[in-house]
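> Dropping a prediction and its sequence here:
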Amino acid sequence: MEDKETINNQIQIELPEDIAQGTYSNLAIIAHSSSEFVIDFVRILPGLPKAKVQSRIILTPEHAKRLLFALNDNIKRFESQSGTISVDNSEGFLPPINGAIGEA
């Protein structure tokens, strides 16, 4: 039998089906104040003049730093298994959105 402290420190996380499908984003816009970080996840599509925010997450500064550490750790593990992620940052933070436009 587990002791009471171990049981009390566990968190059960529920993942509803509609959220489990995920939402695609290829751009994150980050803003902050003295008390919070706001991350807007955006989907940019080629040939469209507008991009829509798909999701907004608001974090405390402490949690934003924990997220930074967790992302860094996961990227290191990913790269050790799959190779270096190549990012051309010469054009700033926007993902490349130019490319072939199909016609019907």
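Now that the structure is in, tell me what you want to look at.

> pLDDT-wise, which helix or strand of this protein ranks last?
Within the chain, no helix or strand scores below helix 4-8, which has a mean of 61 by mean pLDDT, DSSP states H and E.

> Downstream of it, the next helix or strand is which one?
helix 17-20 (DSSP states H and E).

> Near Ile58, how many other residues are there?
10 (other CB atoms under 10 Å). Using the backbone N, CA and C atoms, a C-beta is placed for each residue, glycine as well.

> With Pro61 instead?
13.

> do the one 5 residues further on as well
Applying the criterion other CB under 10 Å, we find 12 residues in the vicinity of Arg66.

> for it, what are its contacts?
Contacts for Arg66 (CB atoms under 8 Å, 6 or more residues apart in numbering) come out as none.

> Can you tell me the SS state at it?
Three-state assignment for Arg66 (DSSP: H, G, I helix; E, B strand; the rest coil): helix.

> Make residue 1 into 622 and carry on from there
Got it, the first residue is 622 from now on, which makes the last one we talked about Arg687.

> pLDDT below threshold where in the protein?
622-628, 711-725 (pLDDT under 70).

> in stretch 680-690, what counts as buried?
Leu680, Ala685 (16 or more other CB atoms under 10 Å).

> Also stretch 704-713?
Going through stretch 704-713 with 16+ other CB under 10 Å, nothing comes out buried.

> How far does the helix or strand Phe690 falls within sit from its chain's centre?
Using DSSP H and E, Phe690 falls within helix 682-703. Relative to the chain's own centre, helix 682-703 is displaced by 11 Å; criterion: CA atoms, centre = their mean, to the nearest Å.

> now swap in stretch 652-662 and tell me
Using CA atoms, centre = their mean, the offset of stretch 652-662 from its chain centre is 13 Å.

> cool, and stretch 649-665?
10 Å.

> same check, this time on stretch 643-662
On CA atoms, centre = their mean, the centre of stretch 643-662 falls 8 Å from the chain's centre.
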